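>>> One predicted model, sequence on top.
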Amino acid sequence: MKKLSFILICILLVCCNSDDSNSDDAELIGDWRLIELLSDPGNGSGSFNSVESDFIITFLSDGTFTANGDFCNMLDETNSPSTGIYSEIEFTITPDNCENSIPNWNYAFVINGDKLIVNFPCIEPCKVKYQKQ
């Protein structure tokens, strides 16, 4: 009986201490600055390259986002503000009015520590990386 009690206590401790989320990941809500771009020329040799940019995307608690540039392309230009919605359940960002790309595209994202990586709809891998501000 003591062994069974001990095993049950161990199981409870493990279950209570396990957490499916990574506590080292930053919260999505807030400001994120564009820091790197990745575009692969087609041979798997693509890598993230640093950029100096003022491009900021801000995630709001109501499920919407604003950006001080055109989120629909991978450029770091801040001349055309954009808006849209996001889902932390589906890990997607859906910008409004993407004129030069696929309309209503859901851009997949991941958070890795204080970095947000967004995947763009390209034949070859193309991604952008933001850092939490």
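Ah, there it is. Numbering: from 1, shown residues only.

>>> same for the helix or strand where L38 lies, what does it pack against?
Taking DSSP states H and E as the criterion, L38 maps to strand 30-39. Counting contacts by 3 or more Cβ pairs under 8 Å, 6 or more residues apart in numbering; DSSP states H and E, strand 30-39 packs against strand 49-50, strand 56-59, strand 126-132. The C-beta positions use only the backbone N, C-alpha and C, and glycine is treated the same way.

>>> got the contact list for it?
If you take Cβ atoms under 8 Å, 6 or more residues apart in numbering as the criterion, strand 30-39 is touched by 46-51, 53-59, 74, 76, 115-116, 122, 124-133.

>>> Tabulate the helices and strands packed on strand 30-39 (a markdown table), appending mean pLDDT.
What follows is these, written out as a markdown table (pLDDT from 0 to 100):
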| stretch | mean pLDDT |
| --- | --- |
| strand 49-50 | 94 |
| strand 56-59 | 97 |
| strand 126-132 | 94 |
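
>>> in this protein, what secondary structure element scores lowest on mean pLDDT?
Least confident element among the helices and strands of the chain, by mean pLDDT, DSSP states H and E: helix 2-17 (a mean of 40).

>>> Which of the contacts of strand 30-39 are buried, as a PyMOL select command?
Under the burial definition 16 or more other Cβ atoms under 10 Å, those of the contacts of strand 30-39 that qualify are selected in PyMOL by:
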select buried, resi 46+53+55+56+57+59+74+76+115+116+126+127+128+129+130+132
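
>>> Sketch out the low-pLDDT regions of this structure for me.
Low-confidence segments of the chain (pLDDT under 70): 1-23, 99-104.

>>> So what does the residue nearest to T92 when sequence neighbours are not counted have for phi and psi?
Nearest non-adjacent residue to T92, counting by Cβ to Cβ, 6 or more residues apart in numbering: N106, 3.9 Å away. The phi/psi pair for N106 (degrees, to the nearest 10) reads phi -100, psi 110.

>>> and N106, how many neighbours?
17 (other Cβ atoms under 10 Å).
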